[in-house]
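# Quick check, what structure comes out for this input:
(one chain, ligands or ions: 1)
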Amino acid sequence: MAITPYHATTFKLSCSPNRLTSIARTGFVSYPTLFNPYKLDAIFSSSLISLSSQRKQSRKLFNVISAVAPAETTAEFDEMVSGTQRKYYMLGGKGGVGKTSCAASLAVKFANNGHPTLVVSTDPAHSLSDSFAQDLTGGTLVPVEGPLSPLFALEINPEKAREEFRDVSKKNGGTGVKDFMDGMGLGMLADQLGELKLGELLDTPPPGLDEAIAISKVIQFLELQEYNMFTRIVFDTAPTGHTLRLLSLPDFLDASIGKILKLRQKISSATSAIKNVFGQEETRQDASDKLEKLRERMIKVRELFRDTNSTEFVIVTIPTVMAINESSRLRASLTKENVPVKRLIVNQILPPSASDCKFCAMKRKDQTRAIDMIRNYPELSSLLLVQAPLVDVEIRGVPALQFLGDIIWK
Ligand SMILES: Nc1ncnc2c1ncn2[C@@H]1O[C@H](COP(=O)(O)OP(=O)(O)OP(=O)(O)O)[C@@H](O)[C@H]1O
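Numbering: from 1, shown residues only. Next comes the predicted model:
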């Protein structure tokens, strides 16, 4: 039997009564049945269930999951979704813990709750396209098909940007560099760096350049008209180390620009011989104004990262000693940077089961031990602890993300 549009709609909302029984018995959340159209085809070919009864069953499914899951706090999604002023959520943590899946599921949930949402990846190894199962590459706003309100994705590709940067600087002897940097929101820096051989510099890029490029995009969010519509912006960040550099960079740039400005002021009061080096009075003034503007932008970014009313960094981890240790260090660094953190997602927890095999029983013990550690870490114990189950297939596509989102973000 062919898959009809009816099936396409229903498989987002329903689950098979068989699966409900099986979930109740084993505690495992199996989603292939929910999202595999072929299995659904078989389920629905026997009897087409009405939309309202599917909704009821869907609700039942989540009740069953809550009933079998260990005691946990909720993510207090009501607070995350309330209000129409723009809010930024940055999801970060150790590599491979599920940052992208959690970020994408949060973005889908916001969009389904009426927020025009943008999900941004600042991880050079992007996986948003894989997660949404849609091509979101290209470094520009790309609409995501499926959610109820507009959802756009933006994959910032610092590698590509750096290559383009190197190309223009080589081809145009530096004249194209300014245009490119303008495009990245860093035009003022180009003025300052005009005398340097940027191509050579980029052959051995300084640490933090990728993050600088990502940050310049954040600055654009604050200024460009096309981003005004978004009331929720979710960042899928690069693994921990990159994130910390990204967060400290505005301070670094602010300090550097401050030094350059001071130097300029000193120079402007110097002799006319020096004037020849830096050009005419107006040009010099103009450059100083531009630098000052860049500094203001950097201050805005820094304030954005630290603004408890508009921004929150959500730490994603898994129940292993190594991941939880790293999360604790991440929280400490974020606290040092004054970045607000409220929620800790512990992802990929084995769902409860009445009949564990030896391997699962061992794994469960191990996970429980790791989760217990959280209570002993002062950096983590005060956070809202949200537990997300390990599901038995990869989470890909909007319906799957919606499913995961309804478990995590409630
Ligand atoms: N709760 C879960 N249950 C089952 N699989 C999961 C779960 N969360 C994430 N995964 C899977 O784990 C893999 C890694 O997830 P994801 O890409 O979201 O992690 P990441 O932290 O963003 O990784 P990276 O650091 O490489 O960017 C993916 O295949 C994803 O489908």
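
# Look at Ile324 and give its secondary structure.
Three-state call for Ile324 (DSSP: H, G, I helix; E, B strand; the rest coil): helix.

# That one - how many residues pack around it?
As a burial measure, Ile324 scores 24 neighbours (other CB atoms under 10 Å). In short, each C-beta sits where N, CA and C put it, glycine included.

# Retrieve the pLDDT associated with it.
Predicted confidence (pLDDT) for Ile324: 96.

# just use 476 as the starting number from now, easier for me
All set: I'll call the first residue 476, so the last point we hit is now Ile799.

# Spell out which residues sit in contact with it, please.
By CB atoms under 8 Å, 6 or more residues apart in numbering, the residues touching Ile799 are 792, 845, 848-849, 852, 855.

# Apply 10 Å and report the result again.
569, 792-793, 819, 821, 844-849, 851-852, 855 (CB atoms under 10 Å, 6 or more residues apart in numbering).

# Correct me if wrong: Gly597 contacts Gly614.
Actually, residue 597 is Thr. It isn't Gly. No - Thr597 lies out of contact with Gly614 (CB atoms under 10 Å); the separation is 11.7 Å.

# If you count surrounding residues, which of the two has more?
More crowded of Thr597 and Gly614, by other CB under 10 Å: Thr597, with 26 against 14.

# Next, give phi and psi for that one.
Here is the backbone geometry of Thr597 (degrees, to the nearest 10): phi -110, psi 10.

# In a strand, Ile708, correct?
Yes - under three-state DSSP, Ile708 falls within a strand.

# Could you tell me which of the contacts of Ile799 belong to helices?
Judged by DSSP state H, helices contain the following of those: 844-849, 851, 855.

# Could you tell me how far Leu858 is located from Glu554?
14 Å (CB to CB, to the nearest Å).

# Neighbour count for those two, which is higher?
Neighbour count, other CB under 10 Å: between Leu858 and Glu554, Leu858 has more, with 19 against 11.

# rewinding a little: which of the ones in helices among the contacts of Ile799 count as buried?
Using 16 or more other CB atoms under 10 Å as the burial test, those include 845-846, 848-849, 855 as buried.

# Could you export these as a markdown table, including pLDDT?
Formatted as a markdown table, these follow (pLDDT from 0 to 100):
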| residue | pLDDT |
| --- | --- |
| Ala845 | 96 |
| Ile846 | 95 |
| Met848 | 93 |
| Ile849 | 94 |
| Leu855 | 96 |
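
# tell me the mean pLDDT for stretch 550-566?
Stretch 550-566 carries an average pLDDT of 94.
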